[in-house]
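Undergrad: How does the following fold in three dimensions:
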Amino acid sequence: MLINTLKFGPLEIPENKIITMAKPVLGFEELTKYRLVELEEFKPFMWLQSINDPAVAFIVVNPAIFYNDYRIDINPKEIAEIEAKDPGHIETYVIASVPNEWADITINLQGPILINTENNKAKQLVLVNSGYQIKHRVFDEAEKAAMTTEEPIEKVLEEPVEV
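TA: Numbers count the residues shown, from 1 in each chain. Below is the predicted model of the structure:
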């Protein structure tokens, strides 16, 4: 399948790479088909590119990269919705918010996205009473002070890139 994305231009998406949301991202309920796009220069972040709306792409990241103690309790019913037989085949991502400066990135630990890598079914959870917030800072003040960027964040986020 070929889609013409806003961020990546024409993007070929193999059928076996299409992620189907059993429970879509809040506020984007009509968007149920996605593809993870990984770029070497953007790691550890990735793009969750909508197939339904080529103008929509979320920046996502594995939360354990920044919060190695991040743990969520998942109800077996939640696992059943993405037909996961083995918890080892579930990848967890969170949506990142990127303001004007890289150093100010926050991630939504309250709304993780679970992807069953065996069948590419996914869902967004909304954690209640978890203690997690929708805006957790990725970098502390010392890390922010040490950060330098070669390119303005606007250039990285807005200019089309080749996949």
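
Undergrad: Break down the chain into its helices, ranges please.
TA: 76-81, 141-146, 153-158 (DSSP state H).

Undergrad: And the longest strand seen in the chain, what does it pack against?
TA: Longest strand in the chain by number of residues (criterion: DSSP state E): strand 90-97. The contact analysis (3 or more CB pairs under 8 Å, 6 or more residues apart in numbering; DSSP states H and E) places strand 90-97 against strand 46-50, strand 57-61, strand 106-107, strand 113-116. C-betas here are computed from N, CA, C, even on glycine.

Undergrad: hmm, 10 Å instead?
TA: Under the contact criterion of 3 or more CB pairs under 10 Å, 6 or more residues apart in numbering; DSSP states H and E, strand 90-97 touches strand 46-50, strand 57-61, strand 106-107, strand 113-116, strand 121-124, strand 136-137.

Undergrad: So in that sheet, which strands flank the fifth one, and in what orientation?
TA: Applying DSSP bridges, strand 121-124 is found paired with strand 19-23 (parallel), strand 113-116 (antiparallel).

Undergrad: got the contact list for it?
TA: The contact list for strand 121-124 (CB atoms under 10 Å, 6 or more residues apart in numbering) reads 19-26, 28, 32, 34, 36, 48, 78-79, 81-84, 90-91, 93-95, 108, 111-116.

Undergrad: at 7 Å what do you get?
TA: Residues outside strand 121-124 that contact it (CB atoms under 7 Å, 6 or more residues apart in numbering): 19-26, 81-83, 111, 113-116.

Undergrad: same deal with the fourth one?
TA: The set of residues external to strand 113-116 that reach it, using CB under 7 Å, 6+ apart, is 19, 60, 82-84, 89-93, 122-125.

Undergrad: pLDDT averaged over that strand, what's the number?
TA: Mean pLDDT, computed over strand 113-116, is 96.

Undergrad: The spatially most central residue of the chain: what's it in contact with?
TA: Nearest to the geometric centre of the chain sits Val60, at 2.4 Å (CA atoms, centre = their mean). By CB under 7 Å, 6+ apart, Val60 lies in contact with 46, 48, 93-96, 113.
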